[in-house]
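>>> one predicted model, sequence on top.
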Amino acid sequence: MITLSLLHPIKQLPVQVWTFENESVIRIGRSTDNHVILYSAVVSRHHVELRRVGASWELVNLGTNGTYLDGKRITQVCITDGAVIRLARSGPNIQIRLGAEALKNLSHRQETDRTMTQRSDDLPLPTDIMERHKPDATTPISSQEDAITSRFLSGTIPVPEHLRLPDADLEGDGLLTFAAETTPDPVQPNSFFFNSPDSQAERLPQISAEIVPAIDAQAASEQVPPPLSIQPSGILSGIPSSAVRVCSHARGGDYFCVDCGQPLRVLQTVCDYQLVRLLGQGKIATTYHAWKAGQHVALKLLNPDWVDNAQARGALECEADLLRPLNHPCIPHFIDLLMLDHQAGLVMSLMPGPTLSQTILAAGPVSLQRAIDWILSLCSVLEYLHQFAPPIVHRGIHPQNLLRMSRTDGSEAIALVGFGAIKALVLDQAISPHLNGYVAPEQMDWQATAAADLFALGPLLAYLVTGRPPVSFYADQGDGMRFCAVMVSAFTPDVVEIVHRLTDPKPEQRFPSAAALAEALRFARVETSFPVDAPLHE
């Protein structure tokens with residue numbers, strides 16, 4: 001059990017209390033998809049995550065303005081009972097209590113004020129939230145605490161007057177809009193970057209400017225966060241809850257010793273590969289950041305339910321066979337295939353940089369020119385894959401499988417990871433929810449061609465310039481349900497025409513190759529386009 005208490009800004013007494021008994025992850029922020037919703041001008045949409053790690057809890061900061069513990073800005077720490085965190089330098093204070101004993105000291109009024117023990121799937125509409133937060137003039141307010149708590153609906157943390165947001169405006173599409181902030185989404189397999197100022201990150205691989213086309217320097221100057229991402233750790237079923245301390249140096253670090261470079265803690269060891277932290281988890285497999293003799297790799301292991309499944313093992317071998325011949329700086333390199341009695345894993349190179357999904361969540365939509373530059377970089381990768389005979393079809397192109405990599409000349413290129421979609425096809429599994437809106441009609445078919453990969457670039461371009469899921473741009477305009485480029489207001493007429501052809505339900509009607517698409521995009525007329533949201537400022 002974990003209990004969160006909002007503390008009065010002056011008296012430092014609990015104003016409102018929330019108890020969670022079964023949650024393993026608790027999110028706090030301004031967005032309505034959080035477990036605890038907090039309306040404040042200095043709080044990010046997704047500001048903090050509390051994660052259960054074995055018998056303890058870990059706090060991960062996701063907010064632009066930071067999270068503070070004992071006056072120090074933190075990135076990721078283990079939480080002790082009674083800890084008080086502050087969201088932003090001038091934000092609200094939240095006390096964290098662990099265990100059932102924390103509830104015994106609460107007053108009767110605070111006990112009845114306790115609202116949300118688990119997150120509800122029925123989230124209130126943004127307009128309902130704003131209306132229900134207005135003070136009721138007919139209700140007498142007897143104290144400053146009551147003045148705070150009377151303004152907020154169940155399931156949200158009340159915020160002192162000087163920190164509350166002004167009434168938000170509703171855009172034409174009915175979406176409640178706030179300023180964007182640097183809030184990364186969950187870590188993706190093969191996404192790797194250290195960002196702690198206290199740790200010495202090893203040199204990350206950079207790619208040559210001669211191999212991958214450069215992204216336009218003017219577009220690169222936009223207000224987009226640099227390729228940094230927070231990579232929370234995690235422990236899954238089958239992994240010991242108490243990690244083994246490996247290094248004994250006093251200075252330590254986040255995950256690796258700043259003195260010797262060895263892992264500070266190891267979750268498990270598989271064939272001399274030491275699992276250091278979780279990168280991503282799927283239904284069939286889980287990917288870890290692993291370390292072996294100074295080498296950092298991504299190790300994908302079949303989940304316990306699939307490890308003894310012959311078809312799942314065969315699917316992992318298919319993925320390995322797909323990666324083995326590839327030699328491109330923007331694609332993970334095959335390292336090893338581990339086939340043990342009760343374990344099966346694929347070892348790949350670890351790719352640096354945040355995902356495009358993390359970037360858009362952090363800073364909001366980008367300009368059309370910026371998005372096209374990213375698509376052009378991706379086209380060079382697809383052109384490489386599709387030159388094989390038969391062409392290598394990725395089948396899983398979406399923002400969480402695309403990383404922004406730094407080049408040796410300071411520019412960027414887009415890397416493609418997540419080649420595991422082949423496993424879903426081999427095992428006859430349903431399409432991942434992440435692919436909704438990006439999937440070509442013929443994609444889950446052994447006969448799918450390179451045109452299926454090109455199809456995904458249309459919805460991807462729409463997501464980059466709007467920040468909205470591509471499914472919101474599907475409609476039936478007389479020729480069946482399909483992606484409608486004309487619905488994307490940020491597209492110019494030239495781009496509408498290109499994307500309309502790119503997302504044609506019939507593969508033969510699309511562009512014949514990634515090179516042909518790239519040529520069309522280079523000659524397209526692109527008017528000046530600005531992001532919908534501005535960066536968050538404290």
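Arrived safely, thanks for sending.

>>> domain-wise, how is the protein divided?
For the chain, the structural domains run 2-163, 191-352, 356-523, going by automatic domain parsing.

>>> in this structure, which spans are helices?
Under the criterion DSSP state H, the chain carries helices at the ranges 108-113, 126-132, 144-149, 217-220, 310-323, 356-363, 368-386, 421-426, 450-466, 493-502, 514-523.

>>> what about these, which gets the closest to residue 297?
With C-beta to C-beta, the closest approach to residue 297 among those belongs to helix 310-323: 12.7 Å. C-beta coordinates here come from the backbone N, C-alpha and C atoms, glycine included.

>>> using PDB, write out every CA atom in that closest one.
What follows is helix 310-323 as a C-alpha-only set of coordinates in PDB (Å, rounded to 0.1, in the frame of the first residue of the first chain):
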ATOM      1  CA  ALA A 310       8.400 -24.000 -30.500                       C
ATOM      2  CA  GLN A 311       6.700 -21.500 -32.800                       C
ATOM      3  CA  ALA A 312       7.800 -18.600 -30.600                       C
ATOM      4  CA  ARG A 313      11.400 -19.800 -30.700                       C
ATOM      5  CA  GLY A 314      11.100 -20.200 -34.500                       C
ATOM      6  CA  ALA A 315       9.800 -16.600 -34.700                       C
ATOM      7  CA  LEU A 316      12.700 -15.300 -32.700                       C
ATOM      8  CA  GLU A 317      15.000 -17.200 -35.100                       C
ATOM      9  CA  CYS A 318      13.200 -15.500 -38.000                       C
ATOM     10  CA  GLU A 319      13.900 -12.100 -36.500                       C
ATOM     11  CA  ALA A 320      17.500 -13.000 -36.000                       C
ATOM     12  CA  ASP A 321      17.700 -14.200 -39.700                       C
ATOM     13  CA  LEU A 322      16.200 -10.900 -40.700                       C
ATOM     14  CA  LEU A 323      18.800  -8.800 -38.800                       C
END
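
>>> just want the angle from it to helix 368-386.
Between helix 310-323 and helix 368-386, the angle comes out at 100 degrees (axes from the mean of the first three to the mean of the last three C-alpha atoms, to 10 degrees).

>>> pull out the buried positions in helix 310-323.
By 16 or more other C-beta atoms under 10 Å, the buried positions in helix 310-323 come out as 312, 315, 316, 318, 319, 320, 322, 323.

>>> for residue 84, grab the count of nearby residues.
Using other C-beta atoms under 10 Å, residue 84 has 14 other residues around it.

>>> for residue 495, see how far away it is.
Separation of residue 84 from residue 495 (C-beta to C-beta, to the nearest Å): 50 Å.

>>> reformat the helices of the chain as TSV; add mean pLDDT and distance to residue 60.
What follows is those, written out as TSV (pLDDT from 0 to 100; distance: least, C-beta to C-beta, whole Å):
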stretch	mean pLDDT	distance to residue 60
helix 108-113	45	27
helix 126-132	33	25
helix 144-149	36	27
helix 217-220	46	28
helix 310-323	88	29
helix 356-363	92	14
helix 368-386	96	27
helix 421-426	61	28
helix 450-466	96	25
helix 493-502	96	36
helix 514-523	95	37
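
>>> quick one: closest of those helices to residue 410.
It's helix 217-220; of those, that one is closest to residue 410 (C-beta to C-beta) at 8.5 Å.
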